[in-house]
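> Here you go, sequence then predicted model.
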Amino acid sequence: YSSNSYEYIQVSQPKPGVGQVTLNRPKALNALCTPLINELNTALKAFNQSDDTTVIVLTGSQRAFAAGADIKEMAPLTFSEAYTKSFIESWSLLTTEIKKPIIAAVSGHALGGGCELAMMCDLIYCTEGANFGQPEIKLGTIPGAGGSQRLTRAIGKSKAMELILTGKSFTGSEAAQWGVAARAFPTYEALMEETLKTAETIAGYSRVAVNACKEVVNKSQDLPLREGVEFERRVFHSLFGSNDQKVGMKAFAEKKKPEWTHS
Ligand code: CAA
């Protein structure tokens, strides 16, 4: 888990089974330049494949989770460059290739692409004072990494429309009230402590079931209810083919702690 090879991120294993990526570009408030996203993708892929990792934490600093896509990098971009190089598409690796749950721990600014990156994660914890928003309208553009879709699904059309059309921020407390975040904590220290506690809890379960939970819950965002429920049932059935379903249910009957095999 050496972080030496990265310039814009740090990786660590704060608890057994927990892989952490810390965005580390303090001079630009973790603005998400392409090299940073490339490093993030490399680190996430490595955690996704590692037998030592069940759950991933993605965080920034106390001051900024991420202040958005890199405005200086974007400023000169032309339509044809953006279009032919599929600008921003590589960000979505987070939502496609990574099968393990990712918890975003958000303190400070989570603006534009920073807010979108957090919403790509599987669950968000934040500080009450975190500063979320989609301010792209102020730059003469629109959210480009899923903000208009994910924020709208999370908080409903009218609220999302208001935020995206005005560029106004919302607080971590509001994010938790509205369901964008799962929970908001009064301090940065409490945020990091509780994030790791939750990560540790998840890391204590079977990786097979953990991955399946992520997959079925995320399907609810794409599928109509009936198809979603059918999908869930198929995956549920498939888990009877796993060893850990037997381990878990036998341990319950014997009043023992399950020894997961992750198979
Ligand atoms: N891109 C590039 N650089 C950024 C940046 C960004 N998104 N956000 C901050 N920085 C840089 C600043 O330019 C500044 O660098 P210099 O010291 O070299 O001038 C440094 O980070 C510190 O920033 P500030 O001095 O502005 O710090 P502040 O505390 O006064 O303000 C802030 C903090 C309110 C977050 C402010 O920096 C800001 O408004 N940032 C831009 C937020 C934004 O508009 N994000 C959306 C980007 S568009 C997008 O993300 C598109 C998409 O959907 C994918």
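Received the coordinates, thanks. Numbering: from 1, shown residues only.
> How about residue 119, nearest residue that isn't a chain neighbour?
Among residues not flanking residue 119 along the chain, residue 150 sits closest, at 4.2 Å (Cβ to Cβ, 6 or more residues apart in numbering). (Each C-beta comes from the backbone N, C-alpha and C, glycine too.)
> Report the secondary structure state of that neighbour.
What DSSP: H, G, I helix; E, B strand; the rest coil gives for residue 150 is helix.
> What's the separation between residue 53 and the ligand?
Remark: distance between residue 53 and the ligand (Cβ to the nearest ligand atom, to the nearest Å) = 27 Å.
> Likewise for residue 80?
Counting by Cβ to the nearest ligand atom, the gap from residue 80 to the ligand is 18 Å.
> Please report phi then psi for that residue.
Here is the backbone geometry of residue 80 (degrees, to the nearest 10): phi -60, psi -40.
> what's around it, how many residues?
When neighbours are counted by other Cβ atoms under 10 Å, residue 80 registers 8.
> With just CA atoms, put stretch 203-220 into PDB.
Extracted in PDB, the C-alpha atoms of stretch 203-220 (Å, rounded to 0.1, in the frame of the first residue of the first chain):
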ATOM      1  CA  ALA A 203     -15.100  -5.500   6.000                       C
ATOM      2  CA  GLY A 204     -16.200  -8.100   8.600                       C
ATOM      3  CA  TYR A 205     -18.700  -9.700   6.200                       C
ATOM      4  CA  SER A 206     -18.300 -12.000   3.300                       C
ATOM      5  CA  ARG A 207     -16.900 -10.300   0.200                       C
ATOM      6  CA  VAL A 208     -19.300 -12.200  -2.000                       C
ATOM      7  CA  ALA A 209     -22.400 -11.000  -0.200                       C
ATOM      8  CA  VAL A 210     -20.900  -7.400   0.100                       C
ATOM      9  CA  ASN A 211     -20.400  -7.200  -3.600                       C
ATOM     10  CA  ALA A 212     -23.800  -8.600  -4.300                       C
ATOM     11  CA  CYS A 213     -25.400  -6.000  -2.000                       C
ATOM     12  CA  LYS A 214     -23.700  -3.200  -3.900                       C
ATOM     13  CA  GLU A 215     -24.800  -4.700  -7.200                       C
ATOM     14  CA  VAL A 216     -28.400  -5.100  -6.400                       C
ATOM     15  CA  VAL A 217     -28.900  -1.700  -4.700                       C
ATOM     16  CA  ASN A 218     -27.200   0.100  -7.600                       C
ATOM     17  CA  LYS A 219     -29.500  -1.700 -10.000                       C
ATOM     18  CA  SER A 220     -32.400   0.000  -8.400                       C
END
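> ok, and what's touching it?
When contacts are defined by Cβ atoms under 8 Å, 6 or more residues apart in numbering, stretch 203-220 is touched by residues 15-18, 54-55, 95, 99-101, 122, 202, 228, 231-232, 235, 238-239, 242, 244-245, 247-248, 258, 260-263.
> Would you mind listing the buried residues in it?
203, 204, 205, 206, 207, 208, 209, 210, 211, 212, 214, 216 (16 or more other Cβ atoms under 10 Å).
> Equivalent analysis for stretch 72-84, please.
residue 74.
> The helix or strand of the chain with the lowest mean pLDDT vs the ligand: in contact?
Least confident helix or strand, the chain: helix 93-96 with a mean of 94, by mean pLDDT, DSSP states H and E. No. Judged by Cβ under 6 Å from any ligand atom, helix 93-96 makes no contact with the ligand; its nearest approach is 13.2 Å.
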